[in-house]
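>>> based on what follows, work out the 3D shape:
(2 chains)
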Amino acid sequence: DAMVIQNPRYQVTQFGKPVTLSCSQTLNHNVMYWYQQKSSQAPKLLFHYYDKDFNNEADTPDNFQSRRPNTSFCFLDIRSPGLGDAAMYLCATSRGSGFNLSGANVLTFGAGSRLTVL
Amino acid sequence: KNQVEQSPQSLIILEGKNCTLQCNYTVSPFSNLRWYKQDTGRGPVSLTIMTFSENTKSNGRYTATLDADTKQSSLHITASQLSDSASYICVVSDSWGKLQFGAGTQVVVTP
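A predicted model of the protein is given here:
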């Protein structure tokens, strides 16, 4: 089945130790997103790629970086995790970003990667 | 201020009963509204999506309504099952594709 797969599902790291989360998709969607979701809160968009074009949200900390080496894969790098970065990280894809395409930006989410920082 | 407000924040219902969740939004210009179901520890899964011209859309026991004039939407769960226990998130898209997420309503269905 076409899907969005995130690895690892659970990641435990030490304060300041770099972490990389991965996301792969078989939907051939051209847009990929990374969201951060803390307990009982709405997902917060960190950045997204439209094809190879990287779009960073203004309030995304520099500590968060992303790479998209090809259409299928996207990585989230947290350079120096702090206690406040403990959260669920959600990867999502869509076939478009919504410009004049109603419903084109319907997101398909992965199962998430739960990050714990000790 | 969040442009998508959901209520209640949480609710507990007995198995077999119905419930209605609310979503009010101020997103403009409006493009579409979707409801997602998020099981604990999982990613959100799309239930319905509605555009400006659609008033009602059903997906099994889930029925979503949209009033674009008052900028309100509701999600009705009929004959609730234990598997309906989850967070239900309202997401509104503007015409440029920017998404605004609600904080979700946590539903607990008890036997």
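>>> ok, then the element right after the lowest-mean-pLDDT helix or strand in chain A?
The helix or strand of chain A with the lowest confidence, counting by mean pLDDT, DSSP states H and E, is strand A:53-56 at a mean of 88. Next helix or strand after strand A:53-56 toward the C-terminus (DSSP states H and E): strand A:64-67.
>>> who's in contact with that next one?
Defining contact as C-beta atoms under 8 Å, 6 or more residues apart in numbering or on different chains, one finds that strand A:64-67 is touched by A:34, A:46, A:47, A:49, A:54, A:74, A:75, A:76, A:77, A:78, A:79. (Glycine included, C-beta is placed from N, CA and C.)
>>> and these, which is closest to chain B?
residue A:34 (12.1 Å; C-beta to the nearest C-beta).
>>> and that closest one, what element?
strand A:31-37.
>>> ok, that strand: who's next to it in the sheet?
strand A:44-50 (antiparallel), strand A:87-94 (antiparallel) (DSSP bridges).
>>> quick one on the thing from earlier: of the contacts of strand A:64-67, which is the nearest to residue B:40?
residue A:34 (20.7 Å; C-beta to C-beta).
>>> thinking again about what came up before, just the strands paired with strand A:31-37: most buried one?
strand A:87-94 (a mean of 25; mean count of other C-beta atoms under 10 Å in any protein chain shown).
>>> tell me the mean pLDDT for that one?
For strand A:87-94, mean pLDDT rounds to 94.
>>> do you know how far the residue most central in space within chain A is from residue A:43?
Centre of chain A computed as the mean C-alpha position; nearest residue by C-alpha atoms, centre = their mean is residue A:34, 2.2 Å away. Between residue A:34 and residue A:43 the computed distance is 10 Å (C-beta to C-beta, to the nearest Å).
>>> tell me which two in the contacts of strand A:64-67 are the farthest apart.
A:49 and A:79 (18.8 Å).
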